[in-house]
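>>> Whatever this is, show me its structure:
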Amino acid sequence: KNAKGDGLPDVRCRSVQGDFMKQPFEPSSFDAAYAIEATCHAPDRVGCYSEIHRVLKPGAIFACYEWCLTDKYDASNPEHVSIKKQIEEGDGLPDIAST
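As a prediction, this is how the structure comes out:
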């Protein structure tokens with residue numbers, strides 16, 4: 001549906017290619033954001049999440065789905081190690097972060 005006449009701009013969504021460690025947006029630009037299996041590829045997760053926080057408006061919502069290991073992961077369990085390795089190889093991860 002075309003939104004002409006409702007007072008909103010014609011373009012409501014656009015795709016921007018960039019570095020999520022140095023996002024090309026002004027501070028407090030977004031009402032919400034999400035990431036799906038993306039931030040696990042950041043060289044520095046704290047820096048990545050700090051940058052996400054920078055571009056979100058105060059009170060904005062951020063939703064994220066990410067691979068991580070819980071305290072139930074047992075590095076001495078061959079099955080756990082195998083599953084972890086398969087996920088890392090399948091998703092191109094150097095290592096899965098722990099919670």
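>>> rest of the way, CA atoms for contacts and neighbours
Will do.
>>> Paired strands for the longest strand anywhere in the chain, with orientation please.
Secondary structure of the chain per DSSP state E: the longest strand is strand 56-65. If you go by DSSP bridges, strand 56-65 pairs up with strand 30-36 (parallel).
>>> Report the buried residues of the strand it pairs with.
Residues Phe30 are the ones in strand 30-36 that count as buried (16 or more other Cα atoms under 10 Å).
>>> what do you get for stretch 13-24?
20-21, 23.
>>> could I get those as JSON lines with secondary structure, distance to Cys48 and pLDDT?
What follows is the buried residues of stretch 13-24, written out as JSON lines (DSSP: H, G, I helix; E, B strand; the rest coil; distance: Cα to Cα, whole Å; pLDDT from 0 to 100):
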{"residue": "Phe20", "secondary structure": "coil", "distance to Cys48": "6", "pLDDT": "87"}
{"residue": "Met21", "secondary structure": "coil", "distance to Cys48": "5", "pLDDT": "94"}
{"residue": "Gln23", "secondary structure": "coil", "distance to Cys48": "9", "pLDDT": "94"}
